[in-house]
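J.: Sharing a model prediction with you, sequence too.
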2 protein chains.
Amino acid sequence: MLRQALAYIEEHQARFVQELLEFLSIPSVSAQPEHARDVHMAAFWLAEQLRHIGLRSEVLRTGGHPLVYAEWRGQDLHAPTVLIYGHYDVQPPEPMEQWHTPPFAPELREGYIYARGASDNKGQHFAHVKAVEALLRTQGTLPVNIKFLIEGEEEIGSPSLGAFIAANADLLRCDCVLISDSAMRAPDQPTLVYGLRGLISMEVTVRCLERDVHSGHYGGLVQNPIFVLAQMLAQVKDAEGRVRIPGFYEDVRVLDDEERAALARVPYTEADLMRETGARCAFGEPEFSLVERRGARPTFEVNGIWGGYTGPGTKTVIPAEAHAKITCRLVPYQDPHKVAQRVAEYLRSITPPGATLEVRVHEGGSPAVLLERDHPAVRAAVRAATDTYHAEPIFELEGGSIPVVAHFRDQLRAPVVLLGFGLPDDNIHAPNERFSLQAYQRGIEASARFLLEMSACCAGRGA
Amino acid sequence: MLRQALAYIEEHQARFVQELLEFLSIPSVSAQPEHARDVHMAAFWLAEQLRHIGLRSEVLRTGGHPLVYAEWRGQDLHAPTVLIYGHYDVQPPEPMEQWHTPPFAPELREGYIYARGASDNKGQHFAHVKAVEALLRTQGTLPVNIKFLIEGEEEIGSPSLGAFIAANADLLRCDCVLISDSAMRAPDQPTLVYGLRGLISMEVTVRCLERDVHSGHYGGLVQNPIFVLAQMLAQVKDAEGRVRIPGFYEDVRVLDDEERAALARVPYTEADLMRETGARCAFGEPEFSLVERRGARPTFEVNGIWGGYTGPGTKTVIPAEAHAKITCRLVPYQDPHKVAQRVAEYLRSITPPGATLEVRVHEGGSPAVLLERDHPAVRAAVRAATDTYHAEPIFELEGGSIPVVAHFRDQLRAPVVLLGFGLPDDNIHAPNERFSLQAYQRGIEASARFLLEMSACCAGRGA
């Protein structure tokens, strides 16, 4: 069964790439209202693909962007059911001028597909679609029952998905959730993620004046909101990067010696960090290793700042207001609501006289998650990855967030397997995002192997 | 002579307004390259106006935006010559969404003309054009020789004008330079400005990474340039607004008791400041009065800041770089070059490891100026203003900058009279800029009176 599927994957490689390029050419930017129609278009395109390979599929409306749901239930009730999750929406492509080729005109270059969403997440979940196609076309059947749930709001915090899962637990019932939305440490080092950080997101506005005023007439006489915002942000972290908000670290999970030792074996150095980002050195809490800082420590980051005149030349203005977009990554045991409240309270407490502060906490905050490491489904993934990459996977804590993982675990009561196909230098959320052709190819193989392993190891509980 | 001119001004009031509206509809934004053609258009329009009322006029090319020069030399060599300076370029109109009516679709509303450039400076110098028209049309002659020099680069620091004046001192020779590019304290309180602050302008870029990266993967591991920029700006001023850059105040002119007492009589309170700007309180060096802070103290202001994602929704990015536009107002005896160097040196000295700083100091920095208060031309202005507004003018130090004043004084060796027609709540450099119809009307009258006073008091030195 495996051999024929692998041969099919090999044989149809070029077409698989072409199909992904077509998918990537749809600018499904969920955060930008002007792309709402493109987001919908991407859902239709994907649903049609899933139908075409032999699944029953549909586009489901939500309060926001639609979900794509598809299933194949040809196995009997005793066979396990695998739910594959992914997201077809993508990050905004800005800053556009830093892209070497346009973000939605996918290009093949030196073994990579360059496009917004190539790695995050179209390329990764589409690998599973192609694995299912290969198995179905060569066998006429699948080793397990399959469900796909691909959402269109991941990049804006999955506001609709939690309620959908809660309301459709029967539809989504499964023995394991498989998600490929993370990165391998290296092309030959398969990586299973057992923890994800949570996320809260907010926008703050500092206002000092009713209108923009002339910096000659009023400079030295009134507060400048840009300066106030700078002063406030500067007070949030100390010079080494520790967050100074009272209680910020209060509920943070403490790693025991065994886990710290295990994480110390993850091959990741300051040189890797510098190569990946172009940073001249690492920065952050010196009492924690890089791997610990990424996976086990919460953050406060300013993702955007703006105020006053930002066009060409000079405009001698003191603006009425200044703005910042802020996100905090959370780790296990931190409560998103409580942290957001503490951040907002702290910022209010340091707002100087003469300035007013508005804090708008975005909905869809998500807690961090910790996953099992020894479930049969995880062991199936370990075997599939070992056979595909010829190396044992390492277990890692991921710095990013997949808000929906907690919903799957808690509401479907199913183990979640996070087996990523991306690479650290895929430039996700950045200009020139890419996905390696080899990673795509091997992802399809790993997916097929996993589905076969699952049929051997797990009994179904009735999908 | 005066009576007929005043009657003409009264009679043609409506047309004078219509002509100004037409002038204001040309978006002559000197800072924005996409408006270069509009800037040129405004020069042609104004030159044609000056020709039409009976002056010899021309549009002179410079390395940047053109100058409008016009003259009337019908008086003999013994009559004095008045050079009137102004600028037909305007500030960028952004932020557009805060305008009640479009900035370049001038509108009459409740006694005001609303448009970008209405007060700064089209309305003010056009009042002089109309005064000259009234005198010429009613008398067939003027009481003095007249030269107009109206530039198109004031809002970008007059980069071409200094060299033009130096190279054309003969052409521009005069007995007095009259400039109306400032504000009266109140509609009935004529105000003569005897000092202007200087200006330096720069743009800084903080760079920590080679590319934007995902704030989940790298948050807590690398420096965030927005945070670095905020930290650096926060270190420039203390909590009360004193600039902490070493040597920043070193050369600042110290006011003696007599001048402080005179400035204390300028009617300007915190309540005025709050009404004009919407500030909830004043802010700045507590050891100086508001009037002293505006006129006699240098500033460091951030006019714009930007970095990362600033669109709708959330983008979980750590940007590669962040930027700020900075201007410093200077007071007498400060050297622009030296101050710029000190600011740049200080910012470099506080740049943390892991970040690089680029400081680009814009050309066209200008020193502050102090003007004579008892020259015959100043006394002519006092009489003209007293007769027009039925109140004695006060002498004030202006917070803004007119870089060219120093050039006129130094290179033409002529006294400069700064008699403004604007009002403090004209919203110059801000949305909803406006110019009062009454101020326009009285400005025309004051200009005509001044030219007549000049013919009586000053002997010409051969224009």
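T.: Noted; the coordinates are in hand. Being a predicted model, the structure only gives us computed values, none of them experimental. Numbers count the residues shown, from 1 in each chain, chains lettered A, B, ... in the order given.

J.: make it CA atoms for all contacts and neighbour counts henceforth
T.: OK.

J.: Around the residue in the stretch 1-150 of chain A positioned nearest to chain B, how many other residues sit close by?
T.: The stretch 1-150 of chain A approaches chain B most closely through residue A:31 (5.4 Å), counting by C-alpha to the nearest C-alpha. Taking other C-alpha atoms under 10 Å in any protein chain shown as the neighbour definition, residue A:31 ends up with a count of 23.

J.: Who are the contact partners of the closest residue to chain B within the stretch 51-200 of chain A?
T.: Closest approach of the stretch 51-200 of chain A to chain B (C-alpha to the nearest C-alpha) occurs at residue A:156, with a separation of 6.3 Å. Contacts for residue A:156 (C-alpha atoms under 8 Å, 6 or more residues apart in numbering or on different chains) come out as A:30-31, B:313-315.

J.: rerun at 7 Å
T.: A:30-31, B:313-314 (C-alpha atoms under 7 Å, 6 or more residues apart in numbering or on different chains).

J.: and it, what pLDDT?
T.: On pLDDT, residue A:156 comes in at 88.

J.: where along the stretch 1-150 of chain A do the strands fall?
T.: A:56-60, A:67-72, A:81-87, A:107-109, A:112-114, A:145-151 (DSSP state E, counting those that start in this stretch).

J.: could you say what helices and strands the third one packs with?
T.: Using 3 or more C-alpha pairs under 7 Å, 6 or more residues apart in numbering or on different chains; DSSP states H and E as the contact criterion, the secondary-structure elements in contact with strand A:81-87 are strand A:145-151, strand A:176-179.

J.: Deepest-packed of the strands of the stretch 1-150 of chain A, please.
T.: The highest mean neighbour count among the strands of the stretch 1-150 of chain A, using mean count of other C-alpha atoms under 10 Å in any protein chain shown, belongs to strand A:81-87: a mean of 26.

J.: Correct me if wrong, but residue A:323 is in a strand.
T.: Yes: counting by DSSP: H, G, I helix; E, B strand; the rest coil, residue A:323 falls inside a strand.

J.: Contacts only, for it.
T.: Residue A:323 touches A:204-206, A:305-307, counting by C-alpha under 7 Å, 6+ apart.

J.: got a winner among those for most neighbours?
T.: Going by other C-alpha under 10 Å, residue A:305 tops the contacts of residue A:323 with 27 neighbours.

J.: mind checking the SS state of that residue?
T.: strand.

J.: ok, it touching residue B:315?
T.: No: using C-alpha atoms under 7 Å, residue A:305 is not in contact with residue B:315, being 11.9 Å away.

J.: which SSE is the closest residue to residue A:348 other than its chain neighbours in?
T.: Spatially, and ignoring its direct neighbours in sequence, residue A:348 is nearest to residue A:357 (6.6 Å; C-alpha to C-alpha, 6 or more residues apart in numbering or on different chains). Taking DSSP states H and E as the criterion, residue A:357 maps to strand A:356-361.

J.: which residues touch that strand?
T.: In contact with strand A:356-361 (C-alpha under 7 Å, 6+ apart) are residues A:201-208, A:344, A:348, A:351.

J.: quick one: average pLDDT of that strand?
T.: Strand A:356-361 comes out at a mean pLDDT of 98.

J.: Can you report phi and psi for residue A:368?
T.: Here is the backbone geometry of residue A:368 (degrees, to the nearest 10): phi -70, psi 160.

J.: Stretch A:384-401 vs chain B: in contact?
T.: Yes: residues of stretch A:384-401 contacting chain B under C-alpha under 7 Å from any C-alpha of the partner chain: A:399-401.

J.: Reformat the residues you listed as CSV; add secondary structure, neighbour count and pLDDT.
T.: Shown next, in CSV, are the residues of stretch A:384-401 next to chain B (DSSP: H, G, I helix; E, B strand; the rest coil; neighbours: other C-alpha atoms under 10 Å in any protein chain shown; pLDDT from 0 to 100):
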residue, secondary structure, neighbour count, pLDDT
A:399, coil, 32, 92
A:400, coil, 25, 88
A:401, coil, 27, 82
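
J.: Show me which of these is closest to chain B.
T.: Looking across those and measuring by C-alpha to the nearest C-alpha, the closest to chain B is residue A:400, at 3.8 Å.

J.: Against residue A:264, how distant is the closest one?
T.: To residue A:264, residue A:400 is 19 Å away according to C-alpha to C-alpha, to the nearest Å.

J.: give the contact list for residue A:29.
T.: So residue A:29 contacts A:35, A:39, A:89-92 (C-alpha under 7 Å, 6+ apart).

J.: Specify the beta-bridge partners of it.
T.: residue A:90 (DSSP bridges).

J.: show me where pLDDT drops low in chain A?
T.: Applying pLDDT under 70 to chain A flags residues A:458-463.

J.: mind giving me the domain ranges of it?
T.: In terms of domains, chain A is parsed into A:2-196+A:368-457, A:198-252+A:298-361 (source: automatic domain parsing).

J.: ends of the shortest one, how far apart?
T.: Distance between the boundary residues of domain A:198-252+A:298-361 (C-alpha to C-alpha) amounts to 15 Å.

J.: picking that back up, pull out the buried members of the contacts of strand A:356-361.
T.: A:201-208, A:344, A:351 (16 or more other C-alpha atoms under 10 Å in any protein chain shown).

J.: Of those residues, which ones also sit close to chain B?
T.: residue A:208.

J.: Save the buried ones among the contacts of strand A:356-361 as CSV, and put in secondary structure too.
T.: Shown next, in CSV, are the buried ones among the contacts of strand A:356-361 (three-state DSSP):
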residue, secondary structure
A:201, strand
A:202, strand
A:203, strand
A:204, strand
A:205, strand
A:206, strand
A:207, strand
A:208, coil
A:344, helix
A:351, coil
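
J.: ok, which pair from the buried ones among the contacts of strand A:356-361 is furthest apart?
T.: A:201 and A:208 (23.5 Å; C-alpha to C-alpha).

J.: starting at the chain centroid, how far to stretch A:321-332?
T.: 16 Å (C-alpha atoms, centre = their mean, to the nearest Å).

J.: and residue A:391, how many neighbours?
T.: Neighbours of residue A:391 under the rule other C-alpha under 10 Å: 15.

J.: Please name the nearest non-neighbouring residue to the residue located most distally from the centre of chain A.
T.: The outermost residue of chain A relative to its centre, with distances by C-alpha atoms, centre = their mean, is residue A:217 at 47.7 Å. Using C-alpha to C-alpha, 6+ apart and skipping residues adjacent in sequence, the residue nearest residue A:217 is residue B:399, 4.7 Å away.

J.: Equivalent analysis for residue A:425, please.
T.: residue A:276 (5.7 Å).

J.: before we move on, what about residue A:100?
T.: residue A:432 (6.7 Å).

J.: Quick check: phi and psi on the one you found?
T.: phi 60, psi 40.

J.: repeat for residue A:308
T.: Residue A:308 adopts backbone torsions of phi 70, psi -150, taken as degrees, to the nearest 10.
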